[in-house]
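K.L.:
what would the 3D arrangement of this be:
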Amino acid sequence: MKKFFWFAFIILLLITFSGREPLKTYRDMFFNKVESVVSESWQQEDRGVIAVQREFTALTENLGVGQQKLLNNAAASRSSILEYRQTYCVNQEFNSLLFGEVQQKSCRIIEKHLNQLQDN
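P.N.:
Numbering: from 1, shown residues only. So this is what the prediction gives:
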């Protein structure tokens, strides 16, 4: 029991202090492993939304605050993601904050997870 306690304690410490680069990759690998172990029925409902949010977060790391807010709002729910897709990817409307490469990347992210988003 004592070994399990220390193991759990070390994992919790690792998760807590893993926001910086040396430990971030291991934290992400750990979370991905846990996600793969969790049953499919538990994940099914929001899997597409979570995947889009995760990739939008990675995309917006080097963007401005306005662009981050716009993409975070777009990824807030399944309906907002599909609405964003229709407006900026299908209709290709111009947005002064998102244009060019950023808009193309965000559309590719949504298209990659479109089957998961539409299955719900």
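
K.L.:
domain ranges for this protein?
P.N.:
The record's domain split for the chain, according to automatic domain parsing, is 1-37, 46-120.

K.L.:
turn the ones you listed into JSON lines, including mean neighbour count and mean pLDDT.
P.N.:
To be clear about C-beta, it is placed using only N, CA and C from the backbone, and glycine gets the same treatment. Listed next are these as JSON lines, based on neighbours: other CB atoms under 10 Å; pLDDT from 0 to 100:
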{"stretch": "domain 1-37", "mean neighbour count": "10", "mean pLDDT": "73"}
{"stretch": "domain 46-120", "mean neighbour count": "15", "mean pLDDT": "84"}
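
K.L.:
what's whichever strand or helix holds Phe56 packed up against?
P.N.:
Using DSSP states H and E, Phe56 maps to helix 47-59. Helices and strands touching helix 47-59, by 3 or more CB pairs under 8 Å, 6 or more residues apart in numbering; DSSP states H and E, are helix 65-74, helix 78-84, helix 101-112, helix 114-119.

K.L.:
put the alpha carbons of the last one into PDB.
P.N.:
Taking Å, rounded to 0.1, in the frame of the first residue of the first chain, the C-alpha atoms of helix 114-119 are listed here in PDB:
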ATOM      1  CA  LEU A 114     -15.400  16.300 -38.900                       C
ATOM      2  CA  ASN A 115     -16.600  12.700 -38.800                       C
ATOM      3  CA  GLN A 116     -16.300  12.700 -35.000                       C
ATOM      4  CA  LEU A 117     -18.200  16.000 -34.800                       C
ATOM      5  CA  GLN A 118     -21.000  14.900 -37.100                       C
ATOM      6  CA  ASP A 119     -21.500  11.500 -35.600                       C
END
